[in-house]
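[1] kindly return the folded structure for what I paste below:
(one chain, ligands or ions: 1)
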Amino acid sequence: MRADQLVQLVTQILFVLIFLAVGYKAVRMPRRVNVDIALLFGALASLVAVGWVTEALKATPGPLLLDVTSALAIALPYLLLRLVEDFSDPPVLLTRAAALGLAVSMVSFFILTRPYLPWVTLLYVAYFVSLTVYVAGAFVRAAGSSTGVTRRRMQSVAIGSLFLSATILLAGFQAAVPALQVIWQGLGNVCALATGLWYFVGFAPPGWLRRAWQEPEVRAYLGRAATLPQLPTTEAIVRALEVGVANALGTEHAVIGLWDEEFQVLRFTLDGTDYQMPPDQIIVGRVFRTQRPIFSADTVRDNPDQTAMYQQYASRAILAAPITAGESQLGVLAVYTAHAPVFADDDLVLVTLLADQAAVILETRALIDEGARVRAMEEATRLKDDFLSAAAHDLKTPLTTMVAQAQLLAHRAKRNPAAPADLEGIERIIQQANRLKELVLELLDVSRVEYGKLVGRHETVDLVTLVGDACARHTTDFYQCMLIAPEQLVGTYDRLRLMQLLDNLLENAVKYSPEGGEVRVTLEREANNAHLTVTDQGIGIPATDLPHLFDRFYRGINVDDRQFAGLGLGLYICSGIVEQHGGRLWATSPGPGEGSAFHAVLPLPTESLETPVNISDDGVQLAAGTLVQEE
Ligand code: ADP
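    From the prediction side, this is the model:
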């Protein structure tokens, strides 16, 4: 056998093999794309078969047979164009012209007698080549917007189509310049073989090649996925997974629907809109129920009830796979596309793979959450124990004093009933009883903070007056409280709780300034908030303590229990008061011994009720009634 004959034979066998592969698939899954591919290779295989039969019979093909083979060949670019239609919208004019060209060519084969006039042959070749080149271009464009296996397959089909048009062009040259027949034929055979090879790779790639093509996408996705369980919320993980899947598949929309066992719905977000759907109402619901991946080439046809939603998100086709880790059925991963993908089966394999990975990530996250929940419960139990022992300890001191004092009074009364009442002793008991009452109230407030029930009825309050009164209450010869504020700053608050907040901050300012000094309170409007600052010149706060001061029972490392009595609950309650008013409380300090500042921001009504302020000469705002204690 000569080399050119061998090339021809290999090419023919290739086309027949591809036909068998795609024909089998079209029978198994008779989707339009699969049928179109089978038709294309059916035409090619028929051409090969006609050649083999005539050669086996050693017959010269008659004019009718020649017309049939020509008709089959001229149908090839049109069948390729149908494939392009499956994944994009080629101009209507072009598809109509191509169909017309095909019909005219086919009829002309049977009407005209051979040999054709050169310009007629030229027209056939021009029709074939231009359409095939257009198809190749369309496949190149589609490859550009897809990834992985689909991209490589599209590219292969594009290259195969270019070789196909070259083959026909060379056949045309054979007719036009018969003197160089051997060259044209040799080149034509090589181009036909190249067409066969590229089409084989494009239309029926072997499994190992698909896996090799898929690997980079899966690898990139996994690379990103490894860090996802650490994201702060499950929602953030889901969004990141959706982006990762969309990138891996080269599509715009990838959506994860999470199963809500309580409400028996799938929850998902599309373009910022939240949906919760019972599974029987959506295509992806079927995936969840059956636990099998699904490809829907026409969403509206498969689920007309949700036409509006599918149209809104330009979702003509859906590829979806269940997100399931072992026994836990977590949800569904769906990829929506504006056109049914040509190589949907490869994409579906990839979607299934990514869904499995998503399941692992979401399950890991659930385990992390569970671990955190258990740790939080342990922490809560530990805090409760701490709370009980700290509370018992702090209640014990005034109680012991009260009991001892009462016993002393009783003893004295028994010994000398006529003696005048020991007013000092009684005073001490009252003092300790009050201390006890304060502690009990503080403990009660702690549980109110936890249940979010600390703040009650709101009323109109002028913060300037309230703060001014508090400042006055806490001013002594040893401590000067100075207020800098506008004339009025009115909002609606729980007056008593705000008084408690101010008293607490001012008491602390005084308590933690054993050397005395000025306590400065400033009140100013910042946009729609009132900003209150209580600054003292006391013991200051170490930087490491600043983030923890508002925790229950937390006391600074520079605070000696014997010198500064306290439970470490005041600031915890204060931050509850401020937060339950919709504000924020925080502390700043240059460091130990450098004084501290406590800042509370409270919301003000949007329309200012504030009256103009008096600006003193040096620019400081001094409100009417400002309390400035001179040294
Ligand atoms: P307590 O005063 O009973 O300890 P608080 O919750 O009011 O409880 O305060 C918590 C801790 O914050 C205090 O133990 C102290 O370390 C620190 N702190 C509060 N106010 C001041 C202040 N004005 N100056 C320095 N440290 C302060």
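[2] give me the element the residue nearest to the spatial centre of the chain is part of.
    The chain has Arg239 as the residue nearest its centroid, 1.5 Å off, counting by CA atoms, centre = their mean. Element membership for Arg239 (DSSP states H and E) is helix 234-249.
[3] ok, then the element right after that helix?
    strand 253-260.
[4] any idea of the mean pLDDT in the helix or strand just after that next one?
    Using DSSP H and E, the helix or strand that follows strand 253-260 in sequence is strand 265-270. Strand 265-270 carries an average pLDDT of 93.
[5] so which bits of the next helix or strand after strand 265-270 are buried?
    Elements were assigned by DSSP H and E; along the chain past strand 265-270, the next helix or strand is strand 273-277. By neighbour count on 16 or more other CB atoms under 10 Å, the buried set for strand 273-277 is Met277. Where C-beta positions appear, they are placed from N, C-alpha and C, glycine not excepted.
[6] low-confidence regions, the protein specifically.
    The chain contains residues with pLDDT under 70 at 607-631.
[7] all strands of it, in order?
    For the chain, the strands defined by DSSP state E occupy 253-260, 265-270, 273-277, 294-296, 317-325, 328-337, 459-462, 479-484, 490-493, 517-526, 529-535, 584-588, 597-603.
[8] tell me which of the ones you listed sits nearest to Thr364.
    Nearest to Thr364 among the strands of the chain is strand 317-325 (9.1 Å), distances taken as CB to CB.
[9] partner strands of the closest one, with direction?
    In the sheet, strand 317-325 lines up against strand 294-296 (antiparallel), strand 328-337 (antiparallel) (DSSP bridges).
[10] could I get it in CSV with only the CA atoms?
    Only the C-alpha atoms of strand 317-325 are listed here, as CSV (Å, rounded to 0.1, in the frame of the first residue of the first chain):
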residue,chain,number,x,y,z
ALA,A,317,-29.7,25.7,30.5
ILE,A,318,-28.8,24.3,33.9
LEU,A,319,-26.1,21.9,35.0
ALA,A,320,-26.6,20.9,38.6
ALA,A,321,-25.2,18.3,41.0
PRO,A,322,-26.0,17.5,44.6
ILE,A,323,-23.7,18.7,47.4
THR,A,324,-23.6,15.7,49.6
ALA,A,325,-21.0,14.6,52.1
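[11] so that strand versus strand 253-260, what angle?
    Counting by axes from the mean of the first three to the mean of the last three CA atoms, to 10 degrees, strand 317-325 lies at 40 degrees to strand 253-260.
[12] contacting residues for the residue lying closest to Glu459 once chain neighbours are set aside?
    Counting by CB to CB, 6 or more residues apart in numbering, Glu459 lies nearest to Arg495, which is 5.8 Å off, once chain neighbours are set aside. Arg495 makes contact with Glu459, Val461, Leu466 under the criterion CB atoms under 8 Å, 6 or more residues apart in numbering.
[13] distance of the last one from the ligand?
    To tie it back to what came earlier, the one meant is Leu466. 20 Å (CB to the nearest ligand atom, to the nearest Å).
[14] for Val255, see how far away that residue is.
    Applying CB to CB, to the nearest Å, the value for Leu466 to Val255 is 52 Å.
[15] that older thread, please convert the contacts of Arg495 to a markdown table, extending it with neighbour count and distance to Asp560.
    Converted to a markdown table, the contacts of Arg495 look like this (neighbours: other CB atoms under 10 Å; distance: CB to CB, whole Å):
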| residue | neighbour count | distance to Asp560 |
| --- | --- | --- |
| Glu459 | 10 | 40 |
| Val461 | 18 | 37 |
| Leu466 | 19 | 33 |
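[16] Throw the residues you listed into TSV and include distance to Tyr336, thanks.
    Listed next are these as TSV, based on distance: CB to CB, whole Å:
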residue	distance to Tyr336
Glu459	53
Val461	54
Leu466	57
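[17] not counting its neighbours along the chain, what's nearest Met402?
    Gln432 (4.6 Å).
[18] what's the answer for Thr460, then?
    Leaving aside its sequence neighbours, Thr460 sits nearest to Thr492 (CB to CB, 6+ apart; 5.6 Å).
[19] what is the neighbour count of the nearest residue to Gln357 once chain neighbours are set aside?
    Distance criterion CB to CB, 6+ apart; nearest residue to Gln357, sequence neighbours excluded, is Ala225 at 5.7 Å. Counted by other CB atoms under 10 Å, the residues lying close to Ala225 total 21.
[20] how's this structure carved up into domains?
    With domains defined by automatic domain parsing, the chain comprises 3-205, 225-372, 459-628.
[21] restricting to C-alpha, output stretch 296-304 in CSV.
    C-alpha atoms of stretch 296-304 as CSV (Å, rounded to 0.1, in the frame of the first residue of the first chain):
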residue,chain,number,x,y,z
SER,A,296,-31.4,20.6,31.5
ALA,A,297,-30.8,22.0,28.0
ASP,A,298,-34.0,24.0,28.1
THR,A,299,-35.1,25.2,31.5
VAL,A,300,-38.3,26.8,30.4
ARG,A,301,-39.4,23.6,28.7
ASP,A,302,-38.4,21.5,31.6
ASN,A,303,-40.1,23.7,34.3
PRO,A,304,-42.5,26.2,32.7
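[22] okay, buried residues for it please.
    In terms of neighbour count (16+ other CB under 10 Å), stretch 296-304 has its buried residues at Ser296, Ala297, Thr299, Val300, Asn303.
[23] among the residues you listed, which two are most distant?
    With CB to CB as the measure, no two of these lie farther apart than Ala297 and Asn303, at 12.5 Å.
[24] for beta bridges, what are the partners of the nearest residue to Gln329 once chain neighbours are set aside?
    Using CB to CB, 6+ apart and skipping residues adjacent in sequence, the residue nearest Gln329 is Trp259, 6.1 Å away. Beta-bridge pairing of Trp259, defined through DSSP bridges, involves Leu266.
[25] quick one, what contacts Trp259?
    Val265, Leu266, Arg267, Phe288, Gln329, Leu330, Gly331, Val332 are the contacts of Trp259 under CB under 8 Å, 6+ apart.
[26] among these, which one sits closest to the ligand?
    Of all the contacts of Trp259, the ligand sits closest to Arg267, with 40.9 Å by CB to the nearest ligand atom.
[27] sorry, back to before: could you dump the strands of the chain into a markdown table with distance to the ligand added?
    Below are those laid out as a markdown table (distance: least, CB to the nearest ligand atom, whole Å):
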| stretch | distance to the ligand |
| --- | --- |
| strand 253-260 | 41 |
| strand 265-270 | 41 |
| strand 273-277 | 40 |
| strand 294-296 | 59 |
| strand 317-325 | 45 |
| strand 328-337 | 43 |
| strand 459-462 | 23 |
| strand 479-484 | 12 |
| strand 490-493 | 20 |
| strand 517-526 | 9 |
| strand 529-535 | 8 |
| strand 584-588 | 7 |
| strand 597-603 | 7 |
